[in-house]
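1. One predicted model, sequence on top.
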Amino acid sequence: MLRPNLSRRRFIQTAAGLSLAGVAHSTWASQTGNAKPAPTQQKMSPANIGGGGRIERDFYGEWLQHSGVPKIEGYAITDAATEELKPWPEIGGRGLYCHFSGNVHMDAVIMEIAPGKALNPGKHMYEQLIYVLAGRGYTRVEQGGKYNNVRWSEGGLFAPPLNALHRHYNDDPAKPARLLAVTTFPLTLQLMGNVDFVSKTTFNFTDRYNGQEEYFTKRERVRQRWDKANFVPDIRNAEVVRWEERGGENASMFYDMGGNTILEPHISEFGVGEYKLAHRHPYEAVILILNGTGFSIAGKDDLLKDYVKMDWQKYSIVSPPYFWFHQHFNTGTTPARYFAVTEGDFPKRLGIPLEVEQIEANREDPAIRKLFDAELARKKGF
C-alpha cells in the first residue's frame, strides 16, 4: 500500500489517489534467507533545484527497505493486543515494527515477552513511551551504577530515560506480556544517518535521569491539564480534565514524561453520541484506542473528499497522515478514550511555518453530522 522509501511530500501528493483500505498490512523479510534485498533507488533533485543532481537521502527509508525486521505498514491496526507477531532476534522475543502514514519522525513497536522471560537489554539514542497492552512485569533502568525498577501491568504507561540501559521482564510464569513502544527512532536515524549511533552512543543524559529513587514514583500537576510523571499505573482510568474547546463533553490529560523534548503524550475522552471537532496539525501522531468503538476519518484538504475511514475498537491504532484533517467519532454505548502521542512544539523549533487548525462547530460541514448519524443508524441496524 505504501512504499517504505516514499517521501512525506510525495506521499501527501499521491495518497489521495490511492485505493485505501484503511488497515495496515504486514510484510516479513527473513533475516536468515538467501534472498538479496533490492538495490536502493537513488532519487536525484530536479534540475531547477540547486542546479540538479543532488542525491535526496532517506536513511530511514533505506533502513525500512533493508533491515529485515518484521514490519507492518499503512494507516491503522485493528487490534495491537492480538496482531500476529514474528520472532525478532534483535529484541530477544517476538515483535512487529509499525510504520504508519509515511511518518519519518515517529514509529511504534509491539513487543511480546514470553512467560517468565525477559527481552534483551538495550540503550537507545531516541525517546520512548511504553504502554502495557497485556500482562505484568517490570522494567529495570540502570545508569551511573544506580538502578530503578518500575512494576507495570495492563494500562500502565512509562518512559524509559533517553540512552539509559534498560530491560523488560515478564514476571508471570504462565502468560506472555505485550508492550507497545512509541519512539523517535526514525528522526534520530534521519538526522545522523548511522544505525550504530542509535545504540552505541555512551553519553548519559543526567539532566533527565541520574538514578534518582523517585524517578518512577514522583508526580505533580504543572498546569490545568498537565501532569509531570514518568509512570502512570493505568491511563485507562486516570483523571481527565474537561476541555470544552474540543467540543461536547471532551476531557483530556497531557503528560510531561522522561524529560522528553519531542514525544508529547495525552489521553482524551469523549462521550456517547459525540465526536471530536475536525483538526489538523503540523506534526505526526500515533493514537491507541483504550476503550469504546467508533471510527476516524482523514482527508488531505477537504475532510469529506477522498477521505480515509478507519474503524476502531479497544487497542486499535490509527495514525492520520501528516497535516491531514482528521476527526474521531464515538459510535459505542460507553465513553471512548484514546492515548495519543504527538511531537508537541517540536515543529515550531524546526521553523515549520504551519499552525494547528481546527474546524469550529459553527463552520462544520453539515455532511459531517449526516455521516455520523448514518454510522449510528447502521450500527443499530436501522
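-> Received, thanks. Residues are numbered from 1 along each chain as shown.
2. list the contacts for residue 283?
-> Listed by CB atoms under 8 Å, 6 or more residues apart in numbering, the contact partners of residue 283 are 105, 322, 342, 343, 344, 346, 347. Any C-beta I mention is one placed from the backbone N, CA and C, and that applies to glycine too.
3. Please identify which of those is nearest to residue 75.
-> residue 322 (11.9 Å; CB to CB).
4. out of the contacts of residue 283, which are inside strands?
-> Under the assignment DSSP state E, the contacts of residue 283 contribute residue 342 to strands.
5. In the stretch 51-200 of the chain, where is pLDDT below threshold?
-> Flagging of the stretch 51-200 of the chain using pLDDT under 70 yields the residue ranges 51-53.
6. if we go to 90?
-> In the predicted model of the stretch 51-200 of the chain, residues 51-58, 101-102, 144 satisfy pLDDT under 90.
7. which stretches of it form strands?
-> Ranges of strands in the stretch 51-200 of the chain, per DSSP state E, counting those that start in this stretch, are 71-74, 76-77, 86-88, 93-100, 107-113, 128-134, 136-143, 146-153, 157-158, 165-170, 177-183.
8. Out of these, which is the most enclosed?
-> Mean neighbour counts were compared across the strands of the stretch 51-200 of the chain using mean count of other CB atoms under 10 Å; the top stretch is strand 76-77, at a mean of 26.
9. Which elements pack onto that strand?
-> Packing partners of strand 76-77 (3 or more CB pairs under 8 Å, 6 or more residues apart in numbering; DSSP states H and E): strand 317-318.
10. Run a quick neighbour tally on residue 207.
-> Residues contacting residue 207 under the criterion other CB atoms under 10 Å number 8.
11. give the contact list for it.
-> Residue 207 makes contact with residue 259, according to CB under 8 Å, 6+ apart.
12. so which strand or helix has it?
-> Assigned by DSSP states H and E, residue 207 belongs to no helix or strand.
13. Can you tell me the centre-most residue of this protein?
-> Taking CA atoms, centre = their mean as the criterion, residue 286 is the residue nearest the geometric centre of the chain, at 3.1 Å.
14. and for the helix ranked longest in the chain, what are the contacting residues?
-> Using DSSP state H to define each element, the chain has its longest helix at helix 366-380. Applying CB under 8 Å, 6+ apart, the contact partners of helix 366-380 are 273, 275, 278, 295, 297, 303, 304, 327, 329, 331.
15. which regions of the stretch 201-350 of the chain sit below the pLDDT cut-off?
-> For the stretch 201-350 of the chain, the stretches with pLDDT under 90 are 223-224, 242-250, 301-306.
16. which residue ranges form the helices in it?
-> 346-349 (DSSP state H, counting those that start in this stretch).
17. what number of residues lie near residue 342?
-> Neighbourhood size, residue 342 [other CB under 10 Å]: 22.
18. Please report how far residue 119 lies from residue 306.
-> 41 Å (CB to CB, to the nearest Å).
19. Neighbour count: the two, which is higher?
-> Legend: neighbour count by other CB under 10 Å for residue 119 and residue 306, higher for residue 119 (25 against 14).
20. quick one: contacts for the more buried one?
-> Residue 119 sits next to 91, 92, 93, 111, 113, 167, 168 when contact means CB under 8 Å, 6+ apart.
21. For residue 105, see how far away the nearest residue to the third one once chain neighbours are set aside is.
-> What sits nearest to residue 93 in space, not counting adjacent residues and going by CB to CB, 6 or more residues apart in numbering, is residue 119, at 5.0 Å. Between residue 119 and residue 105 the distance, using CB to CB, works out to 24 Å.
22. pLDDT score assigned to residue 17?
-> On pLDDT, residue 17 comes in at 34.
23. returning to what we had before: check the spacing between the residue nearest to residue 93 and residue 43 real quick.
-> Applying CB to CB to residue 119 and residue 43 gives a distance of 36 Å.
24. Same question for residue 144.
-> For residue 144, the distance to residue 43 - CB to CB - is 44 Å.
25. Residue 77 now?
-> From residue 77 over to residue 43 the distance is 29 Å, taken as CB to CB.
26. Same check on residue 196?
-> In this view, residue 196 and residue 43 are 24 Å apart by CB to CB.
27. Out of the two, name the residue with the larger neighbour count.
-> The neighbour comparison of residue 196 against residue 43 (other CB under 10 Å) goes to residue 43, with 14 against 8.
28. Residue 242 pairs with what?
-> residue 251 (DSSP bridges).
29. what about it, how many neighbours?
-> 13.
30. That one touches residue 269, doesn't it?
-> No. With contact defined as CB atoms under 8 Å, residue 242 does not reach residue 269; the gap is 9.9 Å.
31. joint contacts of these two?
-> Shared contacts of residue 242 and residue 269 (CB under 8 Å, 6+ apart): 250, 251.
32. who touches stretch 159-169?
-> 111, 113, 117-130, 137-143, 177, 179, 201, 203-205, 208-209, 215, 230-231, 257-260.
33. Neighbours of residue 220, how many?
-> Neighbour count for residue 220, taken as other CB under 10 Å: 9.
34. Enumerate every residue touching it.
-> Residue 220 makes contact with 227, 228, 229 under the criterion CB under 8 Å, 6+ apart.
35. hey, what's it bridged with?
-> According to DSSP bridges, beta-bridge pairing links residue 220 with residue 228.
36. OK, contacts around residue 105?
-> Neighbours of residue 105 in contact, by CB under 8 Å, 6+ apart: 184, 186, 187, 190, 262, 283, 284, 343, 346.
37. Could I get the phi/psi values of it?
-> phi -110, psi -40 (degrees, to the nearest 10).
38. quick one: it and residue 242, what's the gap?
-> Using CB to CB, residue 105 is found at 30 Å from residue 242.
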